[in-house]
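# Sequence plus predicted model, see below.
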Amino acid sequence: MTKGVLFLCTGNACRSQMAEGIARALLPPGVRSFSAGTNPKGVDTRAVQVMHELGLDISGHHSKTLDDASVGEFDLLITLCGDAAEHCSTTPGTKHEHWPIQDPAHASGSSEEVLAAFRRVRDELAERISTLAARLAPEPAFGVIGGSGFYELPGLTDARQVVVTTPFGDPSGPLVEGRLAGRRVVFLARHGEGHRLLPGEVNARANIYALKRAGVARLVSVSAVGSLREEIAPGDVVLPNQFIDRTVGRPSTFFGRGVVAHVSLADPVCPDLASSVAGAAREHGARVHPQGTYICIEGPQFSTRAESALSRSFGADVVGMTNLPEARLAREAELCYATLALPTDYDSWRPNDEVRVTDVLAILMANVARAKAILALAFASLAADDCPCQHALDTALLTRPDVIDAAARLRLHAVLARRLGGDVKVTPEAT
């Protein structure tokens, strides 16, 4: 995998600065992006302005020389001068590509005409870097979101932390990439290190977007739940196949702001993924409930007795606080999604039951140990084959691709790249 891309031009004022900003938004997490100039002149404010139009902030950038770059951290050098490639500086030991792009600072005319030249360069860079992102895409990964008590995934080899930013804010914490049972795996602790985030504070959009950017194709959400059925005992394993949403005010879509999509949630769980996890749970010796309905409440308080009874009357089998809008967003991001639900209690529907965190913790730790073993078994047997879940937008995107502007394409790149063919193409309406 490419570990770093260095963009080089003459002044490190316009082209390479814009390329660095776009690359940080589009290239896979863990691929470092840096820019430098052979004769640095300071960041051009017009480059800052046109990048801001796309929602990208490079106002904090400064001009650098090759001496400022740790050259060994980059294995791809892209020169951006408008002359022939042989006139550009290169760095020994790196792969070199030349993108002949004219310096917009040399454009003449009115201030608006010069800005238009900056936009043309910006948009050409966006298209080229979008294509580069597809080329550098990592091996598809299995993803794990760890819920309460599940803050790390032991057994990962070659593990490393990757800090990911998204257009929707920061995820709950850094991603942890590694290999488990021979498969590439990406892990994220839903509530952050030390369990810092309430269910309603979890930025589900950022979490799902970050995992998608990291190449996750199949995602297992591990979640502590309360049982709403006598036959589902604490310590059992449940693979819900339906959800009921009782949350309030949580952002539940990537779309809007000029892009409309309506994905189907009739069957919100990937049957193949859920079946594989259920099989692994049985192999581990757990008592498995291969389907059920998960009702998601806002929390952070546990249910009243009346609310618990109401949830049962809805037909729900388990109750939790985190799997929505997570499941909705996973479908929009074309991820195969399944929940490994681990009951810790009977909620409060039985006359003598009352949920207390202190009572839950002992069962929670045993459940987490079980979940880790189940995942290791599941990943060893799961196939990474294509799945209808990974084509959910084929029939869901209503907005015509030719009217989706460059800002939206950048904002939704991880979600829309496959559907739109991977490129950040700019339409006349966008400029």
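All right, it came through fine.
# quick one: which helix or strand includes the residue lying closest to residue 227 once chain neighbours are set aside?
Nearest non-adjacent residue to residue 227, counting by C-beta to C-beta, 6 or more residues apart in numbering: residue 343, 4.2 Å away. The way it works is simple: take the backbone N, C-alpha and C, and place the C-beta from them, glycine included. Assigned by DSSP states H and E, residue 343 belongs to strand 336-345.
# And that strand, how far out from the chain middle?
20 Å (C-alpha atoms, centre = their mean, to the nearest Å).
# any idea how far residue 375 is from residue 155?
Counting by C-beta to C-beta, to the nearest Å, the gap from residue 155 to residue 375 is 9 Å.
# Next: residue 187.
On the measure of C-beta to C-beta, residue 187 and residue 375 end up 10 Å apart.
# ditto for residue 298
Distance from residue 298 to residue 375, by C-beta to C-beta: 28 Å.
# ok so, going back, surely the residue nearest to residue 227 touches residue 229?
No: using C-beta atoms under 8 Å, residue 343 is not in contact with residue 229; the gap is 9.3 Å.
# okay, these two: which has more neighbours?
Higher neighbour count among residue 343 and residue 229: residue 343, with 26 against 17, using other C-beta atoms under 10 Å.
# Who is the more buried one paired with across the strands?
Bridge pairing for residue 343 (DSSP bridges) gives the partners residue 225.
# mind checking pLDDT for it?
Per-residue pLDDT puts residue 343 at 94.
# picking that back up, more neighbours, residue 298 and residue 375?
residue 375 (28 against 16).
# quick one: that one and residue 218 touch, right?
No: applying C-beta under 8 Å as the test, residue 375 and residue 218 come out as separate, 11.5 Å apart.
# quick one: the strands in the stretch 151-300 of the chain?
Counting by DSSP state E, counting those that start in this stretch, the stretch 151-300 of the chain has strands at residues 157-162, 175-180, 183-189, 216-227, 237-238, 242-246, 288-289, 293-297.
# how about these, which one is nearest residue 418?
For those, proximity to residue 418 was assessed by C-beta to C-beta; strand 216-227 is nearest, at 10.7 Å.
# and that closest one, average pLDDT?
Strand 216-227 comes out with an average pLDDT of 95.
# What is it packed up against?
Contacts defined by 3 or more C-beta pairs under 8 Å, 6 or more residues apart in numbering; DSSP states H and E place strand 216-227 against strand 141-146, helix 271-284, strand 318-320, helix 323-332, strand 336-345, helix 357-381.
# Quick one, which of the strands of the stretch 151-300 of the chain gets closest to residue 363.
Residue 363 lies closest to strand 216-227 among the strands of the stretch 151-300 of the chain, at 8.7 Å (C-beta to C-beta).
# Buried residues, the closest one. List them.
Using 16 or more other C-beta atoms under 10 Å as the test for burial, strand 216-227 gives 216-227.
# roughly how far out does it sit from the chain middle?
Relative to the centre of its chain, strand 216-227 is centred 15 Å away, using C-alpha atoms, centre = their mean.
# For the stretch 51-200 of the chain, give me the ranges with low pLDDT.
71, 82-93 (pLDDT under 70).
# Would you map the helices across it?
Under the criterion DSSP state H, counting those that start in this stretch, the stretch 51-200 of the chain carries helices at the ranges 111-135.
# quick one: residue 128 and residue 99 touch, right?
Yes: with contact defined as C-beta under 8 Å, residue 128 counts as touching residue 99 (6.0 Å).
# Quick check, residue 268 in contact with residue 328.
Yes: with contact defined as C-beta under 8 Å, residue 268 counts as touching residue 328 (7.4 Å).
# give the contact list for residue 26.
Contact partners of residue 26, counting by C-beta atoms under 8 Å, 6 or more residues apart in numbering, are 126, 129-130, 132-133, 410, 413, 424.
# ok so, going back, return every residue with contacts to both of residue 187 and residue 375.
By C-beta under 8 Å, 6+ apart, the residues touching both residue 187 and residue 375 are 144, 153.
# Tell me the spatial nearest neighbour of residue 395, not counting adjacent residues.
Looking at residue 395 with C-beta to C-beta, 6+ apart, the closest residue is residue 264, at 7.9 Å.
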